[in-house]
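Give the three-dimensional model of this entry:
(chains A and B)
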Amino acid sequence: MTTARQRSTVAEPLVRFERVTCGYDGEPVLRDLDLTIGQGAFVGIVGPSGAGKTTLLRAMVGAVPRVRGRVIVDGRVVGSGSTSGVGWVPQLQTVDWDFPATVREVVLMGRWGDRPWRAWASRADRALVDRMLERLGIGGSGDRHIRSLSGGQQQRVFLARAMIGDPKLLLLDEPTSGVDIKTRDDVLHLLADLNRDGMTIVLTTHELNSVAAHLPWVVCVNGRLIAEGDPEDVFTSAILQRTYAADLRVVRQDGTLLVADAAPHRLRDALRHRHAGFEHAHHEHADDDHIHTVADVPSSPGTR
Amino acid sequence: MMGPLTDPLAYEFFRQGLAASLLVGALCGMLGVYIVLRRMSYIGHGLSHAVFGGAVVAYVASIDFYVGAGLWGFFSALLINAAARRRRIAADAAIGIVTTASFAVGVALISKTRSFTRDFEAALFGNILGVTPTDLAVVASVTLAVGAFIVLFYKRLLFMTFDPEVAPIYGVNVGVVDSLFALAMAATIVASINVVGVTLIAATLVIPATTARLLTDSFARMVVLSTLIGASAGVVGIYLSYWLDVSSGATIVLLEAAVFTVVFLATAISRRRPDWTDRPLPALARDRAADDLG
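Numbers count the residues shown, from 1 in each chain, chains lettered A, B, ... in the order given. Modelled structure (predicted):
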């Protein structure tokens, strides 16, 4: 049985970057990128803000104006136009939630190319939307305004829009950003289910621990490709240092891989010292118990 | 009994004015939805001023008003789109630069041409009761063309308006649709200018759409409602203008503003407080009450 992990590299390539340097006006965002994503892969792209994660996704759909090298998706070189067979889920923060649009109207945007001159949705289109919403666990919400849904449901609406065109490749720009921990977990489980059904999924995220827990393949970028592979192999202090230029500690406990700040106590201690100094100044005439509690924590020099 | 409604219809100028105001109201209401939702409300105001510049140039160059002003407005809209695409230039700044410069061309030409005799008051403030059969034919043609554009490009326009970054990823040709939209805007403003005037046209584009937005959360219903509000205000406004002997453009706009006010108040009252709770104190008052008790 082929696992998603194996499919990332072994299976027929669906996406190929060949010596790609790309960006907008000014300096390139990504340089000399070689990357292959196999059919049925489930890939997380990580890196600091401004590292080129979204640009890498946009390059797969021809939405980056300056490109040197070749990006090939499903056997076709990506040009400046659209790429058929790709579904795109935007960051929820970029959506205008006050726009007058029902769930059904948003999902149907993903099928605009089917009978593009017809303004109204056919009965078949409406049935298709209902089935897609049902499949994604938000059945019956077609006539609701998009703002009235929870964060997880809103994410599913845009997933439905991306999937209703039956794409081969699903691209998600920070799908776990700005949602609570349960919604994040739900979204990643849903994506894992879709991936099991054969969908190739590439997403960007800042959630290293979610990637480690849910995704079989990770790509680290910071202006260029730093590393790619199984999170178990890629998430090392050395690679993360090169990716983020920060000291990060990798902890393995009970089969779980966790990435943490290498020295979290520094900030905590600094805050505690400052707080202690503040309390000391306000309680110097208080009873012995208070003085004892404050005196246990050394004050930072700056507050004296 | 029907006298007040039927009596004015005996006059040809009124029949033509009524038809023109009905069509212009519907046209501006329909197109206004996209203008409001794309947060380009200022463009109606700006483009109408640009078109005024074009009208003066057309007159001085002895070109047909509709051709000259229409082309001028179209290229102004394209120029605004091109300028606004530059990241360092905001859309409102682009509108301000292009349209005021264009308006200034008109003013400069009027002041320079000492033999200028044409009265541009109608263009500035509208003269619906002076609508000629040619004006009416132009308004009808533009309404038909823009209506066809809105219907045929409905899906693309909706996608581009809602999600301009993602629409091209799904294959919407943003450049083509944007250019056609600019043409539709210019044509609408040129066709409407003799009816409501340069100074009032922005209101007929913005008010019906904003009112409709308060009434519905569905895009399709908003388009229909805005068109109906614009058309109704056009018909009722022209009658009120006739009976009250007030400028037709101003009456239509004031009527639309009154409808907006009523809808705004009605929706504000209906959404004021949920049923499931007593009215809470404002946070500041609650804090003060706690201080008083404590």
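
tell me the contacts of A:Gly79?
Listed by C-beta atoms under 8 Å, 6 or more residues apart in numbering or on different chains, the contact set of A:Gly79 reads A:Gly62. The C-beta positions use only the backbone N, C-alpha and C, and glycine is treated the same way.

A:Leu215: how many residues sit nearby?
Counted with other C-beta atoms under 10 Å in any protein chain shown, the neighbours of A:Leu215 add up to 27.

meant to ask about A:Thr94
For A:Thr94, using other C-beta under 10 Å, the count is 11.

Mind checking what secondary structure the residue nearest to it when sequence neighbours are not counted has?
Closest residue to A:Thr94 apart from its sequence neighbours, by C-beta to C-beta, 6 or more residues apart in numbering or on different chains: B:Glu165 at 6.9 Å. Under the three-state scheme (DSSP: H, G, I helix; E, B strand; the rest coil), B:Glu165 adopts coil.

per-residue pLDDT, B:Glu165?
pLDDT for B:Glu165: 88.

what about the residue nearest the centre of chain B, helix or strand, and which?
Nearest residue to the geometric centre of chain B (C-alpha atoms, centre = their mean): B:Leu205, 1.5 Å. Using DSSP states H and E, B:Leu205 falls within helix B:201-215.

Quick one: residues in contact with that helix.
Defining contact as C-beta under 8 Å, 6+ apart, one finds that helix B:201-215 is touched by A:100, B:24-25, B:28-29, B:31-33, B:35-37, B:41-42, B:44-45, B:48, B:188-189, B:192-193, B:196, B:221-223, B:225-227, B:229-230, B:233, B:252-253, B:256-257, B:259-260, B:263-264, B:267.

a strand runs through A:Ala63, doesn't it?
No - going by three-state DSSP, the assignment for A:Ala63 is coil, not a strand.

Chain neighbours aside, what residue packs nearest to it?
B:Ile169 (5.7 Å).

these two touch, right, the one you found and A:Gly87?
No - B:Ile169 is not in contact with A:Gly87 according to C-beta atoms under 8 Å; the separation is 9.2 Å.

before we move on, back to that, buried among the contacts of helix B:201-215? Need that as a selection in ChimeraX.
Typed into ChimeraX, the line below selects the buried ones among these, using 16 or more other C-beta atoms under 10 Å in any protein chain shown:
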select /A:100 /B:24,25,28,29,31,32,33,35,36,37,41,42,44,45,48,188,189,192,193,196,222,223,225,226,227,229,230,233,252,253,256,259,260,263
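
Can you name every helix or strand that the stretch of helix or strand B:Tyr59 belongs to contacts?
For B:Tyr59, the host element (DSSP H and E) is helix B:41-60. Here helix B:41-60 touches helix B:12-37, helix B:65-85, helix B:91-112, helix B:121-125, helix B:174-196, helix B:201-215, going by 3 or more C-beta pairs under 8 Å, 6 or more residues apart in numbering or on different chains; DSSP states H and E.

7 Å instead?
helix B:12-37, helix B:65-85, helix B:91-112, helix B:174-196, helix B:201-215 (3 or more C-beta pairs under 7 Å, 6 or more residues apart in numbering or on different chains; DSSP states H and E).

The ones you listed into a markdown table, with extra columns for mean pLDDT?
Output for those, formatted as a markdown table (pLDDT from 0 to 100):
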| stretch | mean pLDDT |
| --- | --- |
| helix B:12-37 | 93 |
| helix B:65-85 | 83 |
| helix B:91-112 | 83 |
| helix B:174-196 | 89 |
| helix B:201-215 | 94 |
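
Ignoring the adjacent residues along the chain, who's closest to the residue of the stretch 1-150 of chain B found nearest chain A?
Residue nearest to chain A within the stretch 1-150 of chain B (C-beta to the nearest C-beta): B:Leu37, separated by 6.5 Å. With sequence-adjacent residues excluded and distances taken as C-beta to C-beta, 6+ apart, B:Leu37 is closest to B:Thr161, at 5.0 Å.

again with A:Trp97
A:Trp97 sits nearest to A:Arg147 (C-beta to C-beta, 6+ apart), 4.4 Å away.

and that neighbour, what pLDDT?
92.

pretty sure it is touching A:Val95, no?
No - using C-beta atoms under 7 Å, A:Arg147 makes no contact with A:Val95, being 9.4 Å away.

what about those two, which has more around it?
Neighbours were counted for A:Arg147 and for A:Val95 using other C-beta under 10 Å; A:Val95 has more, 19 against 14.
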